[in-house]
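Colleague: this one's sequence-less:
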């Protein structure tokens with residue numbers, strides 16, 4: 001950097017970027033701690049909640065929704081299957097595709113975890129007016145769109 005270039009922390013949007021990053025880290029730490037009694041971590045919860053919402057989703061669709069690679073899925077799914085939380089079944093129309101389902105135990109665990117997550121969200125955001133929560137969500141969704149576009153441009 002030369003003397004004429006501004007430093008990152010001099011940029012007006014830097015404070016916002018750092019605040020988002022720190023909030024994300026702290027939310028993950030709090031969620032990890034809150035889920036410990038259920039013996040799951042946030043990546044497991046992400047999978048479980050998506051299977052709760054989108055039963056019979058394919059592994060590829062799930063990886064795309066979670067913005068992770070297939071290698072991450074191939075590490076987590078067998079662990080969850082071994083615990084009896086999920087099951088993988090072949091697709092009736094395309095034998096190359098595996099569909100994911102919650103087991104009854106997985107559904108029960110997911111519902112308990114969603115209560116914990118919802119409570120954490122409520123405690124964290126209870127001082128924020130709903131309008132501000134919605135404005136923050138809209139802003140973050142715009143940022144997500146930009147970042148996803150940057151990623152797809154690289155591919």
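Modeller: On my side now, so go ahead. Fair warning: this is a prediction, and the values are worked out from it, not measured in the lab. Residues are numbered from 1 along each chain as shown.
Colleague: ranges for the strands of this protein?
Modeller: Remark: strands assigned in the chain by DSSP state E are 57-58, 86-90, 98-102.
Colleague: Among the ones you listed, which comes closest to residue 10?
Modeller: For these, proximity to residue 10 was assessed by Cβ to Cβ; strand 57-58 is nearest, at 44.6 Å. Quick note: C-beta positions are derived from backbone N, CA and C, even for glycine.
Colleague: What about residue 46, how many residues nearby?
Modeller: 16 (other Cβ atoms under 10 Å).
Colleague: contacting residues around residue 88?
Modeller: 59, 77, 81, 98, 99, 100, 101 (Cβ atoms under 8 Å, 6 or more residues apart in numbering).
Colleague: Pick out the most distant pair among these.
Modeller: Those two in these that are separated most widely, counting by Cβ to Cβ, are 81 and 99, at 12.8 Å.
Colleague: more crowded one of those two?
Modeller: For residue 81 versus residue 99, neighbours defined as other Cβ under 10 Å are more numerous around residue 99 (19 against 15).
Colleague: got a list of what the more buried one touches?
Modeller: Applying Cβ under 8 Å, 6+ apart, the residues near residue 99 are 56, 57, 58, 88, 89, 90, 91.
Colleague: Not counting residues beside it along the chain, what's closest to it?
Modeller: Distances taken as Cβ to Cβ, 6 or more residues apart in numbering put residue 56 closest to residue 99, at 4.5 Å, once the chain neighbours are dropped.
Colleague: Pull the distance from stretch 6-21 to the chain's centre.
Modeller: 24 Å (Cα atoms, centre = their mean, to the nearest Å).
Colleague: what's the answer for stretch 12-24, then?
Modeller: 19 Å.
Colleague: Put together a markdown table for the strands of the chain, with distance to residue 22 on each row.
Modeller: Shown next, in a markdown table, are the strands of the chain (distance: least, Cβ to Cβ, whole Å):
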| stretch | distance to residue 22 |
| --- | --- |
| strand 57-58 | 32 |
| strand 86-90 | 32 |
| strand 98-102 | 33 |
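Colleague: Alright, calling it a day.
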